[in-house]
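# Here is a sequence with its predicted model. Questions after.
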Amino acid sequence: DQQVKQNSPSLSVQEGRISILNCDYTNSMFDYFLWYKKYPAEGPTFLISISSIKDKNEDGRFTVFLNKSAKHLSLHIVPSQPGDSAVYFCAARNYGQNFVFGPGTRLSVLP
Amino acid sequence: DAGVIQSPRHEVTEMGQEVTLRCKPISGHNSLFWYRQTMMRGLELLIYFNNNVPIDDSGMPEDRFSAKMPNASFSTLKIQPSEPRDSAVYFCASSPSVTLGTGELFFGEGSRLTVL
């Protein structure tokens, strides 16, 4: 019973184009959503977050969009760079308690 | 300041042996989490502590798994006896506060466990 889903295991994008990573969730009690990036042999690192009361948060090339009615969020990376190639995890916080992670999407940015 | 420190980075053991994974959280962080990463399930929460007290251990697979946090700067995850299906990367993460701001997690580099 996965509360946070990332239905695309992998995504390939050309350098300079937009990367869109999607995430769906089932629990209406989540109050924060976060994206983490993971390189091989390293731990995940925090990328960007959004509160459940917002619908957009932007940080440089990264923008996260939240659609609460659809229980859907997405991470946009533009322009994509080869260094963005990594596994991206969507995570949701359970009202100040624990964090639930999705299974991850492997992004490959092709030069 | 040093990040979350995990040891060992790699562990290869035989089925039935005891395995102990260690974690030192970031100083001042009061929440600590143990996650397991597998190909099939991604990052699964095993247990988390708040102020050294276990809050939710519902993710611990079975009685073979146990975790302790004797003080604010040290935690262990023990598997006894270990089985091949326990092979995975185990991550420890800490957070300054899960109730303030985003409460983002800071992860260690992980301990890759292989049980033969």
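Perfect, thanks for sending it.

# Report the contact partners of residue A:66.
A:33, A:50, A:52, A:54-56, A:72-73 (C-beta atoms under 8 Å, 6 or more residues apart in numbering or on different chains). C-beta here means a position set from N, CA and C on the backbone, and glycine is covered the same way.

# Run through the chain and note the low-pLDDT ranges.
Just so you know, I chose chain A. A:1, A:96 (pLDDT under 70).

# look at chain B instead
Those would be B:1, B:98-101, if you go by pLDDT under 70 across chain B.

# Specify the local secondary structure of the residue nearest the centre of chain B.
Nearest to the mean C-alpha position of chain B, by C-alpha atoms, centre = their mean, lies residue B:34 at 2.8 Å. Put simply, residue B:34 is strand when judged by DSSP: H, G, I helix; E, B strand; the rest coil.

# Quick check: chain neighbours aside, which residue is closest to it?
Nearest residue to residue B:34 in three dimensions, chain neighbours excluded: residue B:46, at 4.4 Å (C-beta to C-beta, 6 or more residues apart in numbering or on different chains).

# tally of neighbours for that neighbour?
Using other C-beta atoms under 10 Å in any protein chain shown, residue B:46 has 20 neighbouring residues.

# need the contact list for the closest residue to residue B:7 other than its chain neighbours.
Leaving aside its chain neighbours, residue B:7 sits nearest to residue B:22 (4.9 Å; criterion: C-beta to C-beta, 6+ apart). Taking C-beta under 8 Å, 6+ apart, we find residue B:22 in contact with B:6-8, B:74-76.

# just checking, residue B:22 is part of a strand?
Yes: assignment of residue B:22 by three-state DSSP places it within a strand.

# Tell me what it is bridged to.
Beta-bridge pairing for residue B:22 (DSSP bridges): residue B:7, residue B:76.

# how close does it get to residue A:37?
Distance from residue B:22 to residue A:37, counting by C-beta to C-beta, to the nearest Å: 25 Å.

# Residue A:83 now?
10 Å.

# on that earlier part again, make a ChimeraX selection of the buried ones in the contacts of residue B:22.
Burial among the contacts of residue B:22 is assessed by 16 or more other C-beta atoms under 10 Å in any protein chain shown; the matching ChimeraX selection reads:
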select /B:6,75
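
# Which one of the contacts of residue B:22 is nearest to chain A?
residue B:6 (8.2 Å; C-beta to the nearest C-beta).

# quick one: contacts for that closest one?
Contacts for residue B:6 (C-beta under 8 Å, 6+ apart) come out as B:21-24, B:90-92, B:108-111.

# ok, and the most crowded of these?
Busiest of these [other C-beta under 10 Å] is residue B:92, holding 30 neighbours.

# State the helix or strand in which that one lies.
strand B:88-95 (DSSP states H and E).

# same thing with residue A:46?
Residue A:46 belongs to strand A:45-51, assigned by DSSP H and E.
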